[in-house]
Every structure is written in C-alpha cells, then in structure tokens.
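Asks: using only what follows, build the 3D model:
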Amino acid sequence: MPLGCSRHKAAVYDRGGKQFLGSLDLITQVKYSRVRDDMSSATLTVDAVTPECTALLAQMEPNRHEVVIFRDGQRVWEGPISWIEFTSTGANIEAKDITYYFYRLIQTGAYDNSKDPSTPGEVTRNLVANPSFEANLTGVTVPAWVTLTRVGTVNALPGASGSWLANYAVTSAPANNNSEMYQTSAHASIAAMAAQEGWGAVAVRVRGFSGIRYATLKWECRDAGSNILASATTPMNAIDGTVGALITATARLPVGTTNVRWALRFFGTAAGGNPPVGSNAFTDSWIAALAPTQSDALDQVTPFFDGSKSSTPYFTYAWDGAASNSTSTRTRLIFTKVHQRLARIIKAEIARREGENPPVNVLPYGLIYTSGSDTQTRRSTPAYCSTVYEELDNMAEHAGLDYTVIGRRLVMADVHTVFHTTPEVSEADFRGDVIVTAYGMQMASVAAATDGNGVYGVAGAPDPYYGSWEVLVNSTNEEGDTSTTPTTPDPSVFADQARAALAGTNPVPYLVRLPENTSLVPGGRLSFDDLVPGARVPLRATLTARRYSMMQKLDSVTVTDSKDGEDIQISLSQASALDVPVTGSYNLADA
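Replies: You can find the predicted model right below:
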C-alpha cells in the first residue's frame, strides 16, 4: 500500500515473537518509530475492550511478552513490552525494540581488541582426515558385508557439506554383530591433550533408510600399542526421520592416549540388532576436536568446518595437507573492525538469554553490512564494566557505527557504508514547508584523533574552496578505560577515528528540517520498505530561488495510525562525501 494509506493491527506474543497469545482489539491509536543509533519504541491505546481482549490484558506482563505491529498484514515493528497502564476502559501499552534486551544485559566477559591485527588468533583443528567424503573414501572402514559408496544426493541429508555423502549399504547377511563404520587419527595433538587429561568431542550427521533406524557414536582412546584406554558411547539416536540426526559424543583422554577411533554403529531397532539386508544410511560432516574442558570441546564441533569452508570476517579455514584428505584448521581472526567487536560481544552475551524457554530470538535476525570503509577499533574493556547496550551506544557515538532495528532485525553498518538508497524526493513529497539550513559550525575539512598523550591520527586535507577547517577528537572513550587502554596505541586506528569524525562535515552541512507535524505525502515516491534509518535519500528542492540537490541520510521514522488515518514523519541529515557502497554482509549468528 502507498504511504499514508494503510491501517495497522497489533497482537501480543510470548518472548521471542513466535508464540501468538492474542490480538489487541479496538485500538484507537498506534504509534511506533524506527531510529538510527537509538532504541525505538511503540505505544498503543486500547479502548472499549472485548472479553477476549480483557483476558489478554490480564495475562500480559512487561519484560516477558512482546507486541507485534502489522501494517496491511506485514510485521513492521516488534519488541518486548516495557510498560502497561490500565484504565477503566482499556490500557495504554509501551514497548521497546529488541535492543531493550541489550539494555538489561550485563557485559560479563572481557573483550580485548588491542592486539596487533596480524597476530594469529585461536586455532581449532578438525582431526577427521576424510570429513565429508568429497574426494574418496580413504581412511573409512566398514564391515565386509557393507558396501560403502559416495553419492551426490546431498539434499537428502540436511546440514551436509560439500557435494558428496557416504552411502552405507547392507548388501549381504551380517556375519557378526559389529556394524561399525569408523575413522581413526594419531595426530600429535592427541597425545599433547591427553597429557593434560583434556577432552575430545566428535559430531556426525547421519540419516537412515529402509530399515536402518538407530545409531550410536563412540569415541575410543588407544595407546601406542592399540590398547583401549577408555571409550564413551552415546545412547541410541533415532536417525530415520526426514532430517536424520546430528550425533555428538565426548570422552576424556587418559594420559598415554596417542590415537583415537570414532565409530558410527547402525541398528535396525531401538533394542539393538544389525540392520537388515537392503537397508542403507547416508552420513557426512564428520568433525572431531580437542579442548581442555568438555564444554569447550563440544563448542568446537558445532558448526561443522573443514578446510574448504569459505572465510568469514571472523575465521579463516585451511587444510593441513591434501584437500579433503587431511586434518583442517579454523583460525579465529583478531577483531579489528568495530562491527566485528560488537557482533562478538552480542553473540557471546545474548547466549544466556537465547538459552531460556522461550528464547529471546534475537541472534538469528542480526545483519551486518560491510564495506571498504569499515572503521577499526583497539578498544579493550574488562568484564562487568557496562551493559551490552552501553557498548553498542558507545560505538555508535565514538567509533563510526550506525545501527537500527527494522521489525526484529538488528542492522549494523559503518557510518560510511551505503546499504540502501531510496528514489529521489523533493519538497513536493512533504506536507508543509521544507527548511534547509547551512551549519558552518559543523563543517570540517581536517580531523585529528588523539589519546591525549602524543599518539594521534589525521584524516582529510585543506579544502580548495573552504580552506583548512580543523577539528580535534579525543578518542579516549573509543579506547576504553585507561586501565585497559593498550600500552602501545596504534596510530592507524586513530586515523580511522579521525576519518569517521569527518562524516558529513564537508562541504558545509545542509540540514533538511521538517517542522513539527510535517509528514510524507500519501502516494509519494517512497515506499514503506525504503524507510530504513541509515538509508541514503537523494533530495532535490528549490527554496528562495536557490536549487538544492543533496544526499541525505534517514535518521528516524515515526508512524501514527489513529482515527484520522496513517501519518508518517521522517527526519533527515546530510550524508557524507566519504560514503562508499556496501561490499558484503554477514549474519550475527555466523560471527
């Protein structure tokens, strides 16, 4: 529907926005916002309630339930209820967007980004030398009455990697009760971890067909003489569903362990017994890793990786030897970008809320846009020094970050990254006067960022027309508390911060001011999907015989739906000449 012509409905959901609890009837007014670099809110007025709505209001609780607002049937705003005022005829309800969960979420970990970015990060090794059967079946052992082949029907096993699966097929009568399919490893890291009595974990994806219905997974520890020192076997896992199963097993490595075996055993029934002739199973994505603790070992095997996995902003992947026939490594990159730091913090801290029942359901919806302008950071903060929201807000204020929430999706990008550009608008797209103001005090052509102790970075140059208008930025806040500031600050980071400080300062900033109650004209050039704070808005206007053509940045959107209909107001500020196009994106869950 065109802007200004739609109607809204609202409903209440349980935490996480998945479980529907009921509709809010007879709403007399809905008002909600989308905001750049701030928490947005929504207010609803419910009058003359029905018995069903009365029962729903009696059930609603702030900090547990959420409001979801629909515009012509599409979810456009949602978040946890923060305040309810009950009246004799209904209720007034206030809700915040999903960053409200960050507002009351303590940053319990220490996050140090002060290291040289060339320093290697944490390395995890997948000890399985043939993890996804992409090249051959080398190193895989099965009973003589089983035929093992490679098949290309990867979609038959959800979660599989690469282009091939291993097909375990029972082709003749079993000669014994051992239906194991196994791989082994004698990697040097096994003996080293066993000396610490550390842990190992293994994970395998598998799906049974035509009589193979169950499977177990075993981790077996052996010494140099092949004597079994310890083993651990999982309970029966049903594997004959439409998606199969991901089976994981762990074991503590006794001192003296030098090699291990991972064995997948198949059964026809839950009571045991070999699978029947003619049955088969697909398996893929074998991964095994070591760590000092059981929980850390389990963390290393989910999600699956091998040396063929594509690099991300957080990890690089490599084979130790031949591709698809050797162990492989995942190396965590040192977090040098502002968005990388924040993604790591949010993912780590929100995990305890995602573990609740129901979960807050924030992690799956985070989206980060990247570009060549992404600002660096060397910020280092100790545990329990702030909330996650304070960290997010600090990075937006001091470190060149933009963030907003659209529906349930948290969107983050560098302040210079252009991730969306709307159609061009003019004064004809607004009801009421458009006022353009030039702010000389906000203009700068040169910026320097400093720690106040002689370390600094400079960006920009004297402008040929305006000359050299300079601004000095103290970057202490970006670097964190003095107790955690790096002992050898990196000048390149301060130069990055200086560059961020020049955003929107040259030429002289022209601010488009829309007086109060100035709204978008219904049926104008913009669609509702264009109204994303942080998006660029080309503006053309002729005022007092002077023609303006400038790129603006959408700062906020406020939508009101009442008896008078839908009204949409926006605010804009000048975009930067340093803006660059988006080059990529990644999901918060993949950080």
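Asks: which residues in the stretch 151-300 of the chain form helices?
Replies: For the stretch 151-300 of the chain, the helices defined by DSSP state H, counting those that start in this stretch occupy 188-195, 294-300.
Asks: what about the strands in the stretch 201-350 of the chain?
Replies: 214-222, 228-233, 237-238, 245-252, 259-267, 280-291, 315-319, 328-332 (DSSP state E, counting those that start in this stretch).
Asks: longest strand of this structure?
Replies: strand 546-562 (DSSP state E).
Asks: pull out the buried positions in that one.
Replies: For strand 546-562, the neighbour count (16 or more other C-beta atoms under 10 Å) marks 548, 550-561 as buried. (C-beta placed from N, C-alpha, C; glycine too.)
Asks: hmm, back to that, looking at the strands of the stretch 201-350 of the chain, which is closest to residue 184?
Replies: Nearest to residue 184, of all those, is strand 259-267, at 4.8 Å by C-beta to C-beta.
Asks: what's the angle between that closest one and strand 245-252?
Replies: Counting by axes from the mean of the first three to the mean of the last three C-alpha atoms, to 10 degrees, strand 259-267 lies at 140 degrees to strand 245-252.
Asks: any idea of the mean pLDDT for strand 259-267?
Replies: For strand 259-267, the mean per-residue pLDDT is 96.
Asks: and the longest strand of the chain, which strands flank it?
Replies: strand 27-35 (antiparallel), strand 536-543 (antiparallel), strand 565-574 (antiparallel) (DSSP bridges).
Asks: including mean neighbour count, could these go into TSV?
Replies: Shown next, in TSV, are these (neighbours: other C-beta atoms under 10 Å):
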stretch	mean neighbour count
strand 27-35	20
strand 536-543	18
strand 565-574	20
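Asks: select from the ones you listed the stretch with the lowest mean pLDDT.
Replies: strand 536-543 (a mean of 85).
Asks: give me the outermost residue of this protein relative to its centroid.
Replies: residue 175 (50.2 Å; C-alpha atoms, centre = their mean).
Asks: thought that residue was touching residue 144?
Replies: Yes. Residue 175 lies in contact with residue 144 (C-beta atoms under 8 Å); the separation is 6.7 Å.
Asks: re earlier: so which of the strands of the stretch 201-350 of the chain is the most packed in?
Replies: strand 280-291 (a mean of 25; mean count of other C-beta atoms under 10 Å).
Asks: walk me through which strands that one pairs with, and which way each runs.
Replies: With DSSP bridges as the test, strand 280-291 pairs up with strand 165-170 (antiparallel), strand 199-209 (antiparallel).
Asks: where does the protein dip in pLDDT?
Replies: 1-5, 48, 115-120, 313, 334-335, 475-490, 492, 513-517, 545 (pLDDT under 70).
Asks: how much space separates the closest residue to residue 491 other than its chain neighbours from residue 345?
Replies: Distances taken as C-beta to C-beta, 6 or more residues apart in numbering place residue 457 nearest to residue 491, at 5.0 Å, with adjacent residues excluded. Using C-beta to C-beta, to the nearest Å, residue 457 is found at 24 Å from residue 345.
Asks: I am finished for the moment; much appreciated.
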